[in-house]
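Novice: Take this sequence and fold it.
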Amino acid sequence: MTYLDCCYGYWTGYDPAYAEYDVGSLVFLKVVDSLCAAGVKRIDFGIGSALYKERFGDERTVETSFRIFAPSASGMARNVCFSGGIALERCSHAALQKIRLAGRLNRYLRGRAKAKVSSEPTPTGSDQAGNTEA
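Specialist: Numbering: from 1, shown residues only. Have a look, this model is predicted:
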């Protein structure tokens with residue numbers, strides 16, 4: 001999506017089988033070339049960290065979310081529940097990192113998601129990416 005002179009929501013894919021050819025960088029540069037021709041001056045890579053963001057980005061912005069709870073018993077209860085959930089998520093992540101399972105779990109979940117997407121039928125007249133046949 002492009003708004004004014006910035007392209008938002010740039011998503012990429014990665015196939016380790018072609019890593020040695022650096023296909024992703026070649027495709028990215030072609031996309032950047034097309035965006036420049038269309039008058040785009042900035043690309044917002046979105047949240048998260050990735051090698052291509054460090055490689056091709058020149059500016060980093062740190063953002064945070066926050067919640068405001070009502071100063072009541074109900075608000076305090078909600079705050080405790082929300083904060084407890086955040087603490088549990090952070091502790092779980094730290095534990096998985098410590099025992100070196102975080103990376104394997106991420107790969108496993110991504111593989112399951114990929115298998116699910118590839119097993120879903122595509123609409124008639126379109127390919128896997130949703131492009132309509134001419």
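
Novice: So for the longest helix seen in the chain, mean pLDDT?
Specialist: Looking only at the chain and at elements set by DSSP state H, the helix with the highest residue count is helix 73-98. Along helix 73-98, the predicted local confidence has a mean pLDDT of 92.

Novice: counting contacts, what elements does that helix pack onto?
Specialist: Packed against helix 73-98, as judged by 3 or more Cβ pairs under 8 Å, 6 or more residues apart in numbering; DSSP states H and E, are the following elements: helix 102-119. Where you see a C-beta, it was placed from the backbone N, CA and C, and this is true even at glycine.

Novice: Give me the neighbour count for Arg107.
Specialist: By the measure other Cβ atoms under 10 Å, the count of residues near Arg107 is 10.

Novice: Show the model's pLDDT score for it.
Specialist: At Arg107, the model reports a pLDDT of 88.

Novice: Kindly provide the distance from it to Leu101.
Specialist: The gap separating Arg107 from Leu101 is 11 Å, by Cβ to Cβ, to the nearest Å.

Novice: How about Ser72?
Specialist: The span separating Ser72 from Leu101 equals 40 Å under the rule Cβ to Cβ.

Novice: neighbour-wise, which of these two wins?
Specialist: With other Cβ under 10 Å as the criterion, Ser72 and Leu101 differ in neighbour count, and Leu101 comes out ahead with 12 against 9.

Novice: how long is stretch 56-64 from one end to the other?
Specialist: Separation of the first and last residues of stretch 56-64 by Cα to Cα, to the nearest Å is 23 Å.

Novice: Would you mind splitting the chain into its domains for me?
Specialist: 1-63, 69-118 (automatic domain parsing).

Novice: Give the rounded mean pLDDT of the first one.
Specialist: Averaged across domain 1-63, the pLDDT comes to 83.

Novice: Tell me the span between the first and last residue of it.
Specialist: For domain 1-63, the separation between the terminal residues is 20 Å (Cα to Cα).
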